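J.: Model the following, please.
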Amino acid sequence: MPEDLYQTLGVNRQSDKDEIQKAYRKLARKYHPDMNQNDEKSREKFKRVQEAYDVLSDPDKRAAYDRYGADFEKVRSSGFNPAAGAGGASFEGLDLEQIFGGARGGGGGFQNGFSDFFEQLMGSGAGGGGRGAGGAGGGRRTRQAAPTVGENIRHELRIPLKKALTGGQHEFYLPADAGQQKIAFSVPPGIESGSKMRLRGKGYASASGGPAGDLILVIHVDEHPLIRRQGKNLVITLPVTLKEATLGAKVDVPTPKGALTMTVPPGSSGGRRLRLKGQGVDDGRGPAGDILIELQIALPEKIDESAKELIEQFDAAHPLSPRSQLSW
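T.: Prediction:
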């Protein structure tokens, strides 16, 4: 039996949109694959939480789910409008055999029983062809179910930070349970972690000859130990030597468009920020962001006695009080 979507998010059926969103964010953080490396149970739980939120955050999908439960997608795909309510529901174009299954039992069962029901409800002519006097049958016409769309595939995909920033072609293989097919698609520049992409017709094939479903990609961007994204800006922690920080130097800085040479001013302390204007994320929507450089002075773990003496001499010649303002 499918898990109740409200129970998946830990909310009740009267919860409003804000409560549902709050519950989703809490669970998404808890079970996110980045927070649970190599934990398959957490990964599956994250997928169920995401699927539950996709339905319950959409008013139309939620209304259909509240009314039809796990079969709501079949009802929606048939063309039936659940939002019309019980009094205004329209059965135009609705294939009940497609939603509830074909004939049940060996001798007609569901299919014939439903035809009988509509004949009793609407008159002997409702079944098409009618029945003759005395019960002589004129042959009941059975409506053929329309081909249905194949099911969608949901796949979480990790891509390198550089590919997320610059965009371009990307290839990967779906897992065995999803057909293990090779997928090639174009990554838009500047895509953010958590974004979704829909690839039409790349889902499961239809069992009834209809179009294939779609492939829903949930993008996760790999983290970098020295580069992080803040909106359209990139913050780069740039390690420099003591000599470079003290005397100044020209150093290469990686940008999405290639390496740039920048100047580290003499006398730069660790934590100093420098800015490269317009060299950050460029997603094609408005001006590009900036790159913010945070200097980090790199020191050797061990130094010899002669180096220690030089440092002592330097400190004596250039006395500082770096913590003078560190008070309440």
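
J.: Quick check: Gln169 is in a strand.
T.: Yes - in this structure, Gln169 lies within a strand as judged by DSSP: H, G, I helix; E, B strand; the rest coil.

J.: what's around Lys302, how many residues?
T.: A total of 6 residues lie near Lys302 under the criterion other CB atoms under 10 Å. To be clear about C-beta, it is placed using only N, CA and C from the backbone, and glycine gets the same treatment.

J.: On the three-state scheme, it is what?
T.: Applying three-state DSSP to Lys302 yields a three-state assignment of coil.

J.: residues contacting it?
T.: With contacts defined as CB atoms under 8 Å, 6 or more residues apart in numbering, Lys302 is in contact with no residue.

J.: now swap in Glu19 and tell me
T.: Contact criterion CB under 8 Å, 6+ apart gives Val11 as the residues in contact with Glu19.

J.: ditto for the one 4 residues further on
T.: Going by CB under 8 Å, 6+ apart, Ala23 touches 9-11, 15.

J.: Please identify, among those, the one with the most neighbours.
T.: Neighbour max across those (other CB under 10 Å) = Leu9, 24 neighbours.

J.: Retrieve the pLDDT associated with that one.
T.: You'll see Leu9 listed with a pLDDT of 92.

J.: Now flag whichever of the contacts of Ala23 is closest to Lys163.
T.: Lowest distance from Lys163 to the contacts of Ala23 (CB to CB) belongs to Leu9, with 32.1 Å.

J.: tell me the contacts of that closest one?
T.: By CB under 8 Å, 6+ apart, the contact set of Leu9 is 20, 23-24, 27, 49, 52-53, 56.

J.: again, but for Thr241
T.: When contacts are taken as CB under 8 Å, 6+ apart, Thr241 is in contact with 297-298.

J.: Could you report the distance from it to Gln230?
T.: As defined by CB to CB, to the nearest Å, Thr241 lies at a distance of 27 Å from Gln230.

J.: Helix, strand, or coil at Ala63?
T.: In three-state terms, and counting by three-state DSSP, Ala63 is helix.

J.: which one among the contacts of Ala23 gets closest to Asp214?
T.: Nearest member of those to Asp214, counting by CB to CB, is Leu9, at 23.7 Å.

J.: which sections of the stretch 101-250 of the chain are below the confidence cut-off?
T.: For the stretch 101-250 of the chain, the stretches with pLDDT under 70 are 101-145, 179.

J.: returning to that earlier point: what's the farthest-apart pair in the contacts of Leu9?
T.: Taking CB to CB as the measure, the contacts of Leu9 reach their widest spread between Leu27 and Leu56, a distance of 12.3 Å.

J.: Mind checking which of those two has more residues around it?
T.: Under the criterion of other CB under 10 Å, the comparison of Leu27 against Leu56 puts Leu56 first, with 24 against 20.

J.: That one contacts Ala64, doesn't it?
T.: No - Leu56 sits out of contact with Ala64 when judged by CB atoms under 8 Å, with a separation of 11.1 Å.

J.: Right, I'll leave it there.
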